[in-house]
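Peer 1: Need a 3D model of the sequence below.
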Amino acid sequence: MKNIPIAAMIGLFFTALYFLAAIFAPLISPYGMAEIVGDVWEPASSEFLLGTDNIGRDLLSRMIYGGRTTIFIATAATIVSFTLGSVLGFFAAVAGGWVDQVLSRFVDLIMSIPTLIFALVVLSVTPVTVPMLIIVMGLLDSTRVYRLARAVAVDIEVMDYVEAARLRGEKIAWIIFREILPNALSPLVAEMGLRFIFAVLFVSTLSFLGLGVQPPEADWGGIVKENKDGIVYGIPAALAPAFAIATLAISVNLVADWVLNRTTSLKGGRG
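Peer 2: Numbers count the residues shown, from 1 in each chain. Modelled structure (predicted):
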């Protein structure tokens with residue numbers, strides 16, 4: 001613990017706090033997610049620590065369950081994007097030739113379309129469910145991961161230890177997972193933090209626009225949308241989820257920066 005910077009400790013604390021709250025949401029939530037327990041937009045009190053929302057549900061309970069949904073979707077989408085993007089990026093770099101050209105040009109085509117517009121078009125013609133959100137977000141975000149993974153793998157692929165593996169007759173899978181991946185972890189770890197934050201912001205944006213998590217399910221973007229009209233009357237119910245999104249984003253960034261610094265030694269490879 002003595003070697004952990006203060007900024008990283010703060011990031012770890014809040015990141016762990018949000019993830020633990022998401023995991024144990026049913027145990028720590030004072031009320032049910034959609035349970036109406038009071039009047040509309042009641043102020044904070046001993047009974048309702050954050051007050052109530054636009055139809056009288058406990059805002060703290062909505063926040064806890066909303067965090068669970070937001071973090072689950074963002075985490076799952078990040079896993080999908082990194083699994084697909086990094087494997088395809090490494091494969092394109094190692095295979096080269098027409099395989100690299102076809103994959104890279106296809107990724108360029110997808111990236112030329114604004115991500116939010118692409119997602120809105122897809123979700124407007126498909127059922128808006130949590131698995132669909134994860135798939136759409138993961139596939140769209142994998143293009144960014146692909147570009148990074150390919151760029152890193154192109155540099156590593158010409159190293160002596162990769163050439164030695166080729167001469168031993170190792171297959172592409174061995175080269176990707178045993179030679180390239182361990183030496184590409186540093187930039188990928190840093191990018192994973194950024195992609196997770198982007199996923200949190202993305203799902204919150206989709207919910208705010210009405211094409212994300214559907215009521216009565218809760219997520220932070222949806223809670224902002226439900227309570228945004230209260231801001232005109234000085235009711236801060238919409239600010240709580242916005243604050244949660246901001247603090248989670250900052251915390252994950254701090255943790256990602258610390259992990260990046262600790263794994264910098266991997267950049268030099270094994271050669």
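
Peer 1: Any figure for the gap between Ile79 and Phe243?
Peer 2: Distance from Ile79 to Phe243, counting by C-beta to C-beta, to the nearest Å: 26 Å. Every residue, glycine included, has its C-beta placed from N, CA and C.

Peer 1: out of those two, which sits in the more crowded spot?
Peer 2: Between Ile79 and Phe243, Ile79 has the larger neighbour count (other C-beta atoms under 10 Å), namely 16 against 13.

Peer 1: name the element that one belongs to?
Peer 2: Secondary structure from DSSP states H and E places Ile79 in helix 59-95.

Peer 1: pretty sure Gly212 is touching Val203, no?
Peer 2: Yes: between Gly212 and Val203 there is a contact under C-beta atoms under 8 Å: 5.5 Å.

Peer 1: Residues that sit against both of the two, list them.
Peer 2: 133, 219, 221 (C-beta atoms under 8 Å, 6 or more residues apart in numbering).

Peer 1: Going by distance to Leu27, which of those wins?
Peer 2: Asp219 (19.5 Å; C-beta to C-beta).

Peer 1: Which residues are in contact with that closest one?
Peer 2: 66, 69-70, 73, 203-204, 207, 212-213.

Peer 1: could you redo the last one with a cut-off of 6 Å?
Peer 2: Neighbouring residues of Asp219 by C-beta atoms under 6 Å, 6 or more residues apart in numbering: 66, 69-70, 207, 213.

Peer 1: residue nearest the centroid of this structure?
Peer 2: Phe196 (2.2 Å; C-alpha atoms, centre = their mean).

Peer 1: Now name the helix or strand holding it.
Peer 2: helix 185-208.

Peer 1: what's the angle between that helix and helix 59-95?
Peer 2: Angle between the axes of helix 185-208 and helix 59-95 is 130 degrees (criterion: axes from the mean of the first three to the mean of the last three C-alpha atoms, to 10 degrees).
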